[in-house]
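**Q** here is the input, now give the coordinates:
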Amino acid sequence: MTDKIEFGNNRDAISDGFAGTHFFFYMGSPASADEINIGKLFPIVQPVLEVLQPKSLIRVKANFYPQTSPIIEHKQHWDFPFPHKGAIFCLNTCDGWTRFSDQTTVGSVENRLILFDTSKLHNSTTCTDEKGRFNLAFNYF
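**A** Prediction:
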């Protein structure tokens, strides 16, 4: 996908650092015109979708936050301006975390699934103890 629509203030969420992303699904359709890559990449997210049982997908993306010293805590943001469900699936264990508006933090632990309303403020961090923090982010109904 070459164009991305930005909602709310999530554009500024990582302005204080670098992050890599790959969109699997965005706003109603697979996020790549390359059908070969969709066939190879979508099965990566399928096991999580089987757990979530979404009625409709909004977005599925992979996030990569490279190692930094010290940890960089990104700005709080919301993903979309309407109530919906969200999930973060942690692909590796590291000292990074996700923080919610009530200041609750959840550590990045491999195979952990974090469920929350992503229309509420939240933020991510980098890590210091691994090459990077890797996760899959899901927005759905």
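**Q** low-confidence ranges in this protein?
**A** Residues of the chain that meet the criterion pLDDT under 70 lie in 1-17, 28-41.
**Q** quick one, strands of it?
**A** Under the criterion DSSP state E, the chain contains strands at 20-26, 29-30, 57-66, 85-90, 97-100, 105-107, 113-116, 122-124, 132-140.
**Q** residues contacting residue 87?
**A** Residues counted as contacts of residue 87 (Cβ atoms under 8 Å, 6 or more residues apart in numbering) are 48, 52, 113-116, 137-138, 140. To be clear about C-beta, it is placed using only N, CA and C from the backbone, and glycine gets the same treatment.
**Q** please pick the buried ones from those residues.
**A** Buried by 16 or more other Cβ atoms under 10 Å: 48, 52, 114, 116, 137-138, 140, out of those.
**Q** so how far is residue 27 from residue 85?
**A** Applying Cβ to Cβ, to the nearest Å, one obtains 16 Å for the distance of residue 85 from residue 27.
**Q** ok, residue 122 touching residue 78?
**A** Yes: here residue 122 lies in contact with residue 78, judged by Cβ atoms under 8 Å, at a distance of 7.3 Å.
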